[in-house]
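1. When you get a sec, could you give me coordinates for this:
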Amino acid sequence: MAGCRIFGRWVLATALAANTTAPLLSPAQPPAVTGRDESAATILQKADEARFPSQGTEVGVKIHTFEGNDPPETREYQVLTKGNENTIVMTVLPAAERGQILLMKGRDLWLFVPNVSQPVRLSLAQRLTGVVSNGDIARANSSGDYAPKLVGAEKIEGQTYHVLNLTALDRSVTYQRVKYWVAQSNYLPYKAEFYSMSDRLLKTCKYENFRQMAGHVRPARLVMVDALRSASRSVMEYDEMRPRELPDKVFTKDYLKKLQ
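-> Okay, here's the model as predicted:
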């Protein structure tokens, strides 16, 4: 996972140069995952449904990043989603980056910048800001990205949780392995651990502030902590989710020019 902010100007210039001088290569495929744990697949699907609705939705997102004792940095985004395969992330703050847009179609992700003619291809695993990766805000489709296996149950503070091990279906997804705790009673996510290809723990996430949004109780706050630097953490907060009619043409490169 890239350790720098992808929206920084020098990173953008590097990405633009790479985008125009070399074709995007398909990543090598990991060994095929055999078998299918149907009970784990059901649990994971229900947890996905608790994260985001399947119909067209608009939601505001604030990300507060804390580094030691420094004052927090806050960034704001407007997010449009439809199903698990289509997402638009529009930067609201900081003002210097307003108008920048991320478009996700399936696992393909592009960055659109005002006054730049060609979009820049990005990875879901690249860092957006703080401890948050592009895929953390743009894609909540664990069912489509991972092969789940139910590896046990754990009781925490009186609540019993399914414990799932999620193995990436290919290398284009945000993380190569995830350990995921989901409540047995209501399938709400509790926490997750995210691992690299070398099986190194990258960060942890706690799902908090559950409230009714868009017809379902959902986590409105995600607290992500860097596994190597515990003083580095990001808090992602969701505003009220609003249903919105979003035709398929909205999630196209041509239409994004109308949103900038």
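
2. C-alpha from now on. contacts and neighbour counts both.
-> Will do.

3. So what pairs up with residue 166 in the strands?
-> residue 148, residue 178 (DSSP bridges).

4. same check, this time on residue 218
-> In beta-bridge terms (that is, DSSP bridges), residue 218 pairs with residue 211.

5. Adjust the sequence numbering to begin at 689 for everything that follows.
-> Will do, 689 is the new start, and the previous item becomes residue 906.

6. so what's residue 873 up against?
-> residue 848 (Cα atoms under 8 Å, 6 or more residues apart in numbering).

7. ok, now with 10 Å
-> 847, 848, 849, 850 (Cα atoms under 10 Å, 6 or more residues apart in numbering).

8. Distance to residue 918 for those residues - can I get that in a markdown table?
-> Listed next are the contacts of residue 873 as a markdown table, based on distance: Cα to Cα, whole Å:
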| residue | distance to residue 918 |
| --- | --- |
| 847 | 26 |
| 848 | 27 |
| 849 | 25 |
| 850 | 26 |
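
9. ChimeraX command for the buried members of those residues?
-> With 16 or more other Cα atoms under 10 Å as the criterion, this ChimeraX line picks the buried residues out of the contacts of residue 873:
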select :849,850
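
10. In strands, which of the contacts of residue 873 appear?
-> Among the contacts of residue 873, the ones falling in strands (DSSP state E) are 847, 848, 849, 850.

11. Give me the distance between the residue nearest to residue 789 when sequence neighbours are not counted and residue 865.
-> Distances taken as Cα to Cα, 6 or more residues apart in numbering put residue 778 closest to residue 789, at 4.6 Å, once the chain neighbours are dropped. The spacing between residue 778 and residue 865, counted by Cα to Cα, to the nearest Å, is 28 Å.

12. follow-up on the earlier one: wait, doesn't the residue nearest to residue 789 sit right on residue 769?
-> No - applying Cα atoms under 10 Å as the test, residue 778 and residue 769 come out as separate, 11.5 Å apart.

13. In contact with residue 919, which residues?
-> Neighbouring residues of residue 919 by Cα under 10 Å, 6+ apart: 754, 755, 756, 757, 913.

14. Could you report the neighbour count for the third one?
-> When neighbours are counted by other Cα atoms under 10 Å, residue 756 registers 12.

15. Which residue comes closest to it once chain neighbours are left out?
-> Counting by Cα to Cα, 6+ apart, residue 919 is the residue found nearest to residue 756 once chain neighbours are left out, at 4.9 Å.

16. excluding its backbone neighbours, what's nearest residue 857?
-> In space, residue 857 is closest to residue 834, 5.2 Å off (Cα to Cα, 6+ apart).

17. pretty sure that neighbour is touching residue 729, no?
-> Yes - taking Cα under 10 Å as the definition, residue 834 is a contact partner of residue 729 at 9.4 Å.
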